[in-house]
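> I'll drop the sequence and a predicted model, then ask my questions.
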Amino acid sequence: MPDQLTERSARVAAARKLTRRSGRDDAGAFLAEGRQAVTEALAEAQSDPAAVLEVFVTEAAAVAHRELLAATRVPVHVVTDRAAASLSETVTPQGLVAVCALRDVPVETLLDDPPRLAVALAELADPGNAGTVLRTADACGAGTVVFGTGSTDPYNGKVVRSSAGSLFHVDVVRSASLAELVPRVQAAGTTVLAADGGGEVPLDEAADEGLLAAPVLWLFGNEARGLDPALGALADARVRIPMRGRAESLNLSVAASICLYATQLAQR
């Protein structure tokens, strides 16, 4: 086993800066922690060698993930437990971290070749919710997830973990002005739907009326405040999920799951 890098080594210190957004932006890289995220990152590196720059692993994790690491050409560095902990944003570090190149795409990608299904997050602040929506979007066949201005960073450690590898499966647009984007995607032939608890159109009626037919871009707002009314007014329709019981509202990520699944069914 080669000498282990410590938390004081220059390579580990440089990677530690990626736990902050400013460090990620400066370096053009982010951290993906844990087997699922690292597996998806290394799969991406098979077709794009620049996708993953290096991997840090503890001695114990190197044994546990020997087959995964043996199959990659990405440089692998063995580190101490303390060094791995310094790169982790979890209570229980997993000892396996990949340094990945930022992978967001220009907004023009969404306009030049509109996907059948896309998602835009408007001032969505909670990283766990953002990662869950990203994962759901991937599961429902979305091609693009837009993180609008004021939303959490898609490369935040909790977003990456919550996405369970889906960050590597969809195009990500970062820090886009949604007020400017909506008219542009509409002009490109995409229907824009705003998820709004006070919306005029029930989700089931939206499906019956053909509003969920591809291509569709869903707008989801802030967890506490919902969608800005001015942004919602730009959409082709404001859609609500019919509430049959007594619950006042749905968690944002749950509501997004229902809307995206209904759209997937409509687009079969």
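Received, thanks.
> in the stretch 151-268 of the chain, what residue spans correspond to helices?
For the stretch 151-268 of the chain, the helices defined by DSSP state H, counting those that start in this stretch occupy 157-162, 178-187, 203-208, 229-232, 252-266.
> need the winner for burial among those helices.
helix 157-162 (a mean of 22; mean count of other Cβ atoms under 10 Å). Where you see a C-beta, it was placed from the backbone N, CA and C, and this is true even at glycine.
> for that helix, the distance to its chain's centre please.
Relative to the chain's own centre, helix 157-162 is displaced by 8 Å; criterion: Cα atoms, centre = their mean, to the nearest Å.
> same check on stretch 78-93?
23 Å.
> need the strands for the chain, in chain order.
29-33, 52-58, 76-79, 96-101, 117-121, 144-148, 171-176, 191-195, 201-202, 216-220, 237-240 (DSSP state E).
> show me the contacts for residue 146.
Taking Cβ atoms under 8 Å, 6 or more residues apart in numbering, we find residue 146 in contact with 107, 110, 118, 119, 120, 121, 172, 173, 176, 178, 181, 217.
> distance of residue 131 from residue 219?
Distance check for residue 131 against residue 219: by Cβ to Cβ, to the nearest Å, it reads 18 Å.
> and if you look at residue 180?
Taken as Cβ to Cβ, the span from residue 180 to residue 219 is 13 Å.
> burial check on residue 223, number of neighbours?
15 (other Cβ atoms under 10 Å).
> phi, psi of it?
phi -60, psi -40 (degrees, to the nearest 10).
> right, and it touches residue 123 too?
No: using Cβ atoms under 8 Å, residue 223 is not in contact with residue 123, being 9.2 Å away.
> please report how far the nearest residue to residue 86 once chain neighbours are set aside lies from residue 51.
Nearest non-adjacent residue to residue 86, counting by Cβ to Cβ, 6 or more residues apart in numbering: residue 7, 4.4 Å away. Distance of residue 7 to residue 51, computed by Cβ to Cβ: 26 Å.
> just residue 101 next, same as before
6 Å.
> any idea of the pLDDT on the closest residue to residue 264 other than its chain neighbours?
Spatial nearest neighbour of residue 264, chain neighbours left out: residue 140 (4.3 Å); criterion: Cβ to Cβ, 6+ apart. Listed pLDDT for residue 140 reads 97.
> for burial, what's the neighbour tally of residue 140?
Neighbours of residue 140 (other Cβ under 10 Å): 20.
> low-confidence stretches in the stretch 51-200 of the chain?
Within the stretch 51-200 of the chain, not a single segment meets pLDDT under 70.
> what sits against the residue nearest to residue 110 when sequence neighbours are not counted?
Excluding the flanking residues, the one nearest residue 110 by Cβ to Cβ, 6+ apart is residue 144, at 5.2 Å. The contact partners of residue 144, by Cβ under 8 Å, 6+ apart, come to 105, 109, 110, 115, 118, 119, 170, 171, 172, 173.
> whichever of these end up buried, select them in PyMOL.
One line in PyMOL is enough to select the buried ones among the contacts of residue 144; burial here means 16 or more other Cβ atoms under 10 Å:
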select buried, resi 109+110+115+118+119+170+171+172+173
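> and the contacts of residue 144, which is closest to residue 155?
Ranked by distance to residue 155 (Cβ to Cβ), those are led by residue 172 at 8.8 Å.
> and that closest one, how far is that from residue 266?
24 Å.
> same question for residue 69.
42 Å.
> who does the residue nearest to residue 110 bridge with?
For residue 144, the beta-bridge partners under DSSP bridges are residue 118, residue 171.
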